[in-house]
Structure formats: C-alpha cells, structure tokens
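>>> Mind looking at a prediction? Sequence and model below.
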Amino acid sequence: MRGLPAHRLTTAHLQAAYPFVSEGGFGGRGAYIGRDLFGGAFTYDAFELYEQGVITSPNMVVAGQLGRGKSALVKSFALRQLTFGRRVVVMDPKGEYGALTGVCGCEPIRLAPGGATKLNPLDRRIAQEEQLRLLQAITSASLDRTLKPQERTALERALDTSVAKAGEATIPLVVENLLNPTGDAASAVSTDRSTLTEWGREGAFELRRLVSGDLRGMFDGETSPTVDLDSPIVVLDLSAVYDSDALGILMTCAAAWLQGLLARDSSRKTIFVVDEAWAILSNLGIAKWLQASFKLSRARGLQNIAVMHRFSDLSATGAQGSQQERVARGLLSDTETKVVYAQPHGEIAATRDLLGLTDTEAALLPQLDRGIALWKVGERSFLVWHRLGSTERALVDTDSRMVRATVA
Ligand SMILES: Nc1ncnc2c1ncn2[C@@H]1O[C@H](COP(=O)(O)OP(=O)(O)OP(=O)(O)O)[C@@H](O)[C@H]1O
Ligand SMILES: [Mg+2]
C-alpha cells in the first residue's frame, strides 16, 4: 500500500490538533470510498444509510476548489456503485465521463446545436406538471426574473393546447401557442386572445432561442429514437455548449428530460450526477427547479449528486440575493451528505454557516490536500482520503487532458 500523499498536515497532527472532528466510519455496507483518516476503511451508500435511518435524504453535494478531486470521487463512486446494480446517470458539461461509459461498453449521448440527437423536455412520457415546471423554470431563467402569475398562466395554457393538438408538446409548439393562443385557451382563464398573447409574448421570444437561435436542434422536437436509457450508465455530454451563456438552461432541459423519464421507473436505485452544478445554481429560476428535484428524490428512488466549487455558488448577491439564499438553504436541507474538499480562506465563513460546521471543521478546510475531504453525513463527520485503484486512475485523470489541451 502506498503511503499518504504529501500533506501540509499529517494525520497524526490532525488527530492531535482536532481530536473530536471525526469518528470511525459506517461499517462495511456500501461502496468503498477510501481511508477514514481516524479509523479504517470508509464505505458509503446513501440508499443503505437511508434504510438504516442514518439519513432522511439521499442527496449529496460535493464542493471544493479546482482540481481537488471532486469529479474523480464521483466517477469512481459511480463505477463502484454499478457493481451493486445501481444505475448511474450523469450530466457531463465538460465531456469527461466518456471513459466511464466505455467500461460498460456504451457511449455518451452527445448533445450539440444542430447535432444528430434531440431530447424533448416535454416528452409525452413525462408527467405534464413536470413539463410545466420545466417550462416555467427555463422561461424565468431566460428572462432573468421571477415570472408574473399571468406569464405562468400563459405558459400553462400554451402547454395544454400543444398537448391537446399534437398529442405531445414540443418547445416550438409551445412558442407557437404562446404567440397565437386559441380562443379556447383564452376563455379557459376568462380572458381574450389578445390579452393572453400579451401575457405570453416575452416568454415566447426567450424560448425561441432554443428553437431558432444559436441553440437550435437539441431540445426543439421529439426525442430521437436512438436515445437509449436502458444501459447501466447514461452520460449526457454537453461539452459542445460548455461555453454558452445558456449552459445552465440547457443542462436543466436535459436533466428535466432524464429525471422525468427516470421517475417512471423508480424500482431501480439511481444515482443522478450533475457535475459543474454551479451553471444551474447561478440562476434563480433554474436553481429553484433543481431544489424541487432534490425534494422529489426520495419518492423517485434517486440520489442526486451536485458538484460545485464553493457554497457561495448557492447564494448570489443583488436583488435576488435573499430568494437565492432561501433556495440554497432549501437545497441543503434536502442534502444530508456534504463532501467538502479544500476551500479558500475567503469561503470558510459562508461554508461554515451554510453547512453548520464546527469551528474545528471549518479551520481544517483550507488545509485539505487533493483527494481528502470532510464528509458530513447526517449528524456525523468524517475525514476521508479517497483512494483510487490503478484502473480507475486512467478513468479519472483530468490533469493530462489539461496538459494535452495546453500543448495542442
Ligand atoms: N483521490 C485521488 N488520488 C489521486 N489523484 C487524484 C485523486 N482525486 C483526484 N485526483 C487527480 O486529480 C486530478 C483532478 O481531479 P478532478 O478532475 O476530480 O478535480 P475536480 O475537483 O473535479 O476539478 P474541477 O473543479 O476543475 O472540475 C485528476 O487528474 C485526478 O486524477
Ligand atoms: Mg471536476
């Protein structure tokens, strides 16, 4: 066995300085994560812990500075959980989970403007209230403000008319029905067509970007028949739009489609990873969508895992600051596993506050080396060194990609 990597603080020091920060692990049940620096092996499985009553929500947030090993943890955890028969679904904005699908003999689903694959976030297999929730979230995010009640009503009417007319709604159909509502749609809410058109116009113009703007071709029609959700691991590669200012909206469309379909089959325990979740969390409209999804996870047999850099990603400043703060706190209250890698000094106060860390735990955070994280699971705390197997190392290596990208 290899020794510990070079730490700024050795385990012995940690133990002496912080005798109460951590404790022995959960015993043998669950996937192996690595070494509990205050005990033996550390294993973890949210579904097991949920059944045992250790946690009341399976969701997880993984946070930490660049390159500390967040994605590596998620990748190796996913791989280890596959052997327990769990299904793994990943939103992959940087296109770095392809090697993982290769192990299972499948391919990522690549989404690109004008590409070969379309997903319909208003797919007929998804419950209509979920479709509406998504439409309202992405419209609010695109407008960068909370929707007025009239705007929500216009969206609801347009969705209803689209389903009634075509059997399955699509975003182009919703746009069309927002801009040209039927008399029935208007009278259903005791108004006239021109008023309903007014209510829906601004939202329609924003949604058009997904239909005829620079983002067309991904979410503007029925789902491509080739898309296969049956494999044990499904990766949605969104790297073609990583630089788009609408990345969060696109991720939300894709996540809503996936979660809507997964909700139909909750018999299979599923781990749903949103890497680079800051893209969703930085916008209030879609952050609310994510928070609601976290709430639904128990009923759906889902463990959501959101990966981000810092907890202040969750709490923006400005006019929407207080609402954003509420969303952040709501999201964290539905997240009983928080895995915290190194955080810069400037982030410590916010992290301590949002996670309810002790002073001792907070003081540790700037000192953690790559691969080592503070795990808060329910009421308990652990300091865990994530261990990688030799095969896994190649699957999680993002450093050499960086090197290649720099050389190229
Ligand atoms: N536990 C570990 N042991 C050894 N190497 C590790 C460990 N965790 C991560 N690494 C290595 O560190 C590099 C960066 O890891 P990773 O891509 O997971 O970082 P990240 O926190 O997701 O960064 P970013 O915020 O940029 O996405 C990878 O090349 C990976 O191989
Ligand atoms: Mg990463």
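On my side now, so go ahead. Residues are numbered from 1 along each chain as shown. Ligands and ions are numbered 1, 2, ... in the order given.

>>> by contact count, what packs against the longest helix belonging to the chain?
Longest helix in the chain by number of residues (criterion: DSSP state H): helix 193-212. Helices and strands touching helix 193-212, by 3 or more CB pairs under 8 Å, 6 or more residues apart in numbering; DSSP states H and E, are helix 128-143, helix 149-166, helix 171-179, helix 183-187. No exception for glycine: its C-beta is placed from N, CA and C like everyone else's.

>>> quick one: which of those helices is nearest ligand 1?
helix 128-143 (22.8 Å; CB to the nearest ligand atom).

>>> Let me know the angle separating the closest one from helix 149-166.
Relative orientation of helix 128-143 versus helix 149-166 (axes from the mean of the first three to the mean of the last three CA atoms, to 10 degrees): 130 degrees.

>>> So, low pLDDT: which residues of the stretch 1-150 of the chain?
1-25, 27-28 (pLDDT under 70).

>>> As a check, name the ranges of all strands in it.
With DSSP state E, counting those that start in this stretch as the criterion, the stretch 1-150 of the chain has strands at 31-36, 41-44, 60-63, 87-92, 109-110.

>>> Deepest-packed of these, please.
strand 60-63 (a mean of 26; mean count of other CB atoms under 10 Å).

>>> what residues does stretch 215-229 touch?
106, 109, 111-121, 123, 168, 170-172, 209-211, 234, 241, 244, 246, 250, 253-254, 257-258, 261-262 (CB atoms under 8 Å, 6 or more residues apart in numbering).

>>> From these, list the buried ones, please.
Buried subset of the contacts of stretch 215-229 (neighbour count, 16 or more other CB atoms under 10 Å): 106, 109, 111, 117-121, 123, 168, 170-172, 209-211, 234, 241, 244, 246, 250, 253-254, 257-258, 261-262.

>>> I'd like the average pLDDT over the longest helix of the chain.
Mean pLDDT, computed over helix 193-212, is 95.

>>> can you list contacts of it?
135, 138-139, 142-143, 147-148, 150-151, 153-155, 157-158, 171-172, 174-175, 178-183, 185-186, 189, 215-216, 218-220, 246, 249, 253.

>>> at 6 Å what do you get?
139, 142-143, 150-151, 154, 171-172, 175, 178-179, 181, 183, 186, 215, 219-220 (CB atoms under 6 Å, 6 or more residues apart in numbering).

>>> sorry, back to before: dump the helices and strands packed on helix 193-212 to CSV, plus distance to ligand 1.
Shown next, in CSV, are the helices and strands packed on helix 193-212 (distance: least, CB to the nearest ligand atom, whole Å):
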stretch, distance to ligand 1
helix 128-143, 23
helix 149-166, 34
helix 171-179, 30
helix 183-187, 45
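
>>> export these to CSV and tack on distance to Arg300?
Output for the helices and strands packed on helix 193-212, formatted as CSV (distance: least, CB to CB, whole Å):
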stretch, distance to Arg300
helix 128-143, 11
helix 149-166, 22
helix 171-179, 24
helix 183-187, 31
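
>>> what number of residues lie near whichever residue of the stretch 51-200 of the chain sits closest to ligand 1?
In the stretch 51-200 of the chain, the residue that lies nearest ligand 1 is Gly69 (2.8 Å; CB to the nearest ligand atom). Gly69: 25 surrounding residues under other CB atoms under 10 Å.

>>> Phi and psi next, for it.
Backbone torsions of Gly69, given as degrees, to the nearest 10, read phi 110, psi 20.

>>> can you pull the contacts of the residue nearest in space to the middle of the chain?
Here the mean C-alpha position of the chain is nearest to the C-alpha of Val274 (CA atoms, centre = their mean), at a distance of 2.8 Å. Shown in contact with Val274 (CB under 6 Å, 6+ apart): 91, 306.

>>> if we can go back for a sec, which of the contacts of helix 193-212 are buried?
Applying 16+ other CB under 10 Å to these flags 139, 142-143, 151, 154, 171-172, 175, 178, 181, 186, 215, 219-220 as buried.

>>> Not including adjacent chain positions, what is the nearest residue to Leu368?
Sequence neighbours aside, Ala342 is the residue nearest to Leu368 in space, at 4.3 Å (criterion: CB to CB, 6 or more residues apart in numbering).

>>> mind checking which helix or strand the one you found is in?
Assessed by DSSP states H and E, Ala342 sits outside every helix and strand.

>>> how close does it sit to ligand 1?
For Ala342, the distance to ligand 1 equals 9 Å [CB to the nearest ligand atom, to the nearest Å].

>>> That residue touches Arg68, doesn't it?
Yes: between Ala342 and Arg68 there is a contact under CB atoms under 6 Å: 5.3 Å.

>>> Look up how far ligand 1 lies from Asp334.
23 Å.

>>> Near ligand 1, which residues of the stretch 201-350 of the chain are found?
Residues of the stretch 201-350 of the chain lying near ligand 1 by CB under 6 Å from any ligand atom: His309.

>>> can you do 5 Å?
Counting by CB under 5 Å from any ligand atom, no position of the stretch 201-350 of the chain is adjacent to ligand 1.

>>> Which ones among the contacts of stretch 215-229 lie within helices?
Secondary structure from DSSP H places 171-172, 209-211, 250, 253-254, 257-258, 261-262 of the contacts of stretch 215-229 in helices.

>>> can I get those in TSV with distance to Leu368?
Below are the ones in helices among the contacts of stretch 215-229 laid out as TSV (distance: CB to CB, whole Å):
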residue	distance to Leu368
Ile171	43
Pro172	48
Arg209	41
Leu210	40
Val211	45
Leu250	32
Cys253	35
Ala254	32
Trp257	36
Leu258	32
Leu261	37
Leu262	33
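
>>> I'd guessed Ala263 sits against Gly301; true?
No: contact status for Ala263 versus Gly301: not in contact, 9.1 Å apart, counting by CB under 6 Å.

>>> Just give the number of residues close to whatever residue of the stretch 301-408 of the chain ends up closest to ligand 1.
Residue of the stretch 301-408 of the chain nearest ligand 1, by CB to the nearest ligand atom: Gly371 (2.8 Å). By other CB under 10 Å, the residues close to Gly371 number 18.

>>> can I assume it is in contact with Leu388?
No: Gly371 is not in contact with Leu388 according to CB under 6 Å; the separation is 7.9 Å.

>>> In terms of helices and strands, where is Val339?
Val339 belongs to strand 337-340 when elements are defined using DSSP H and E.
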